[in-house]
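Participant: Everything below, folded, please.
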Amino acid sequence: MKNIFKAVFCVLFAAMFFSCASTDAETEEKSLLFPVEDVDSVSISLYRSTVEVQLWNKNEIFVIAESQNGEFPVCYINGTTLLCKIERGKESNWGKLRVFVPESFYAQEWRISTVSGPIYVEQLWCDNCEIETTSGAIKLDKCEVRCLDVTSTSGRILANDLVCSGISDFTSTSGAVNISGFLPQTDVTTTSGAITVENFCPFVQNSSMSSLSGAIKLSMPENNGYELSFSSLSGQVYDEFTSFKGKGSGTTSYKNGGVKIEAETLSGAIRIKKNN
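Facilitator: Numbers count the residues shown, from 1 in each chain. Here you go, the predicted model:
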């Protein structure tokens, strides 16, 4: 009898649990279209929301907002800037914002920020770009920009096939940073996490990589020379261009020197490799 009672109780509990889960997972959706000729900049500021930006084959900017409690961000054009933001007092909303832009859309500026949510950006094309999340990963794929500033307080930063004609800056308080692309000048900083940079072009301006706790791996093609300034409290330093192997801190030069590259970590190895 006790076993039957336990079985019935478990069934009822499971039914209640899945019923609640289904209700919590329900979302509402709203969508808006904006004329691309009226927009030259985009600014997104959200709370507890995922942000996705990608291309589509239409001539308008298409915004889709999802919400779990019926509170949506407001989206409108102010001057020539498309704004999407959560109104004050509605920061408890949890949702998702997807922005589809035409392949030909070139923006003067993109600003994307979210509190407690990841950001995914695919094939962004712009002059200046600022991307920031307080808690969440940031992923960029095949973006072409002039200047780039990426910040994640708690989350991994991943940038694939990036083309940046100017300076790029990546900062993660807690999380690894992995970057590949054409980076003539870059600064990468993480408090806790490894740094991996695969540069498809030689540095033309001074660049730096700093990790409080994590290894640093930099690969780059043949170049006209550089001066490496390194520091590793615990870990080996190896420079494939100069065949240098050592520990601690110091400098090493390739050819006649040139641009300065700083690599610093308290705990982890530093490795400079040649691109094949």
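Participant: mind listing what residue 43 touches?
Facilitator: 81, 82, 83, 84, 85, 109, 111 (C-beta atoms under 8 Å, 6 or more residues apart in numbering). Quick note: C-beta positions are derived from backbone N, CA and C, even for glycine.
Participant: what do you get if the cut-off is 7 Å, keeping everything else the same?
Facilitator: Counting by C-beta atoms under 7 Å, 6 or more residues apart in numbering, residue 43 touches 81, 83, 111.
Participant: try residue 110
Facilitator: Counting by C-beta under 7 Å, 6+ apart, residue 110 has contacts 42, 124, 126, 129.
Participant: That one sits in which helix or strand?
Facilitator: Counting by DSSP states H and E, the element that carries residue 110 is strand 107-115.
Participant: ranges for the strands of the stretch 51-200 of the chain?
Facilitator: 60-67, 74-78, 81-85, 95-102, 107-115, 119-122, 125-133, 138-141, 144-152, 157-164, 167-174, 177-182, 185-192, 195-199 (DSSP state E, counting those that start in this stretch).
Participant: Check which helices and strands the first one is in contact with.
Facilitator: In this case it means strand 60-67. strand 28-35, strand 95-102 (3 or more C-beta pairs under 7 Å, 6 or more residues apart in numbering; DSSP states H and E).
Participant: Just name the most buried of those.
Facilitator: strand 95-102 (a mean of 21; mean count of other C-beta atoms under 10 Å).
Participant: quick check: angle from that strand to strand 125-133?
Facilitator: Here strand 95-102 points in a direction 170 degrees away from that of strand 125-133 (axes from the mean of the first three to the mean of the last three C-alpha atoms, to 10 degrees).
Participant: buried residues in the strand holding residue 110?
Facilitator: Residues of strand 107-115 classed as buried: 107, 110, 111, 112, 113, 114, 115 (neighbour count, 16 or more other C-beta atoms under 10 Å).
Participant: Can you give me the domain boundaries for the protein?
Facilitator: Split into domains by automatic domain parsing, the chain comes to 26-112, 137-276.
Participant: quick one: average pLDDT of stretch 129-140?
Facilitator: Confidence for stretch 129-140, expressed as mean pLDDT, is 96.
Participant: Need the CA coordinates for it. PDB is fine.
Facilitator: The C-alpha trace of stretch 129-140 is given here as PDB (Å, rounded to 0.1, in the frame of the first residue of the first chain):
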ATOM      1  CA  CYS A 129      31.900  48.700 -32.700                       C
ATOM      2  CA  GLU A 130      31.400  48.300 -29.000                       C
ATOM      3  CA  ILE A 131      30.100  45.100 -27.500                       C
ATOM      4  CA  GLU A 132      29.700  44.500 -23.800                       C
ATOM      5  CA  THR A 133      28.000  41.900 -21.500                       C
ATOM      6  CA  THR A 134      28.100  41.800 -17.700                       C
ATOM      7  CA  SER A 135      27.500  38.100 -17.500                       C
ATOM      8  CA  GLY A 136      27.600  36.000 -20.600                       C
ATOM      9  CA  ALA A 137      29.700  34.800 -23.500                       C
ATOM     10  CA  ILE A 138      30.500  36.900 -26.600                       C
ATOM     11  CA  LYS A 139      30.900  35.300 -30.000                       C
ATOM     12  CA  LEU A 140      31.800  37.200 -33.200                       C
END
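Participant: What's opposite residue 272 in the beta bridge?
Facilitator: Beta bridges link residue 272 to residue 218, residue 239, judged by DSSP bridges.
Participant: My guess is it contacts residue 216. True?
Facilitator: No. Look at residue 272 against residue 216 with C-beta atoms under 7 Å: they stay out of range, at 8.8 Å.
Participant: What distance do you get for the closest residue in space to residue 60 that isn't next to it in sequence to residue 71?
Facilitator: Leaving out its chain neighbours, the residue that sits closest to residue 60 by C-beta to C-beta, 6 or more residues apart in numbering is residue 33, at 4.7 Å. Separation of residue 33 from residue 71 (C-beta to C-beta, to the nearest Å) stands at 21 Å.
Participant: cool, residue 112 as well?
Facilitator: 20 Å.
Participant: what residue ranges in the stretch 1-150 of the chain score low on pLDDT?
Facilitator: Low-confidence segments of the stretch 1-150 of the chain, defined by pLDDT under 70, are located at 1-25, 88-93.
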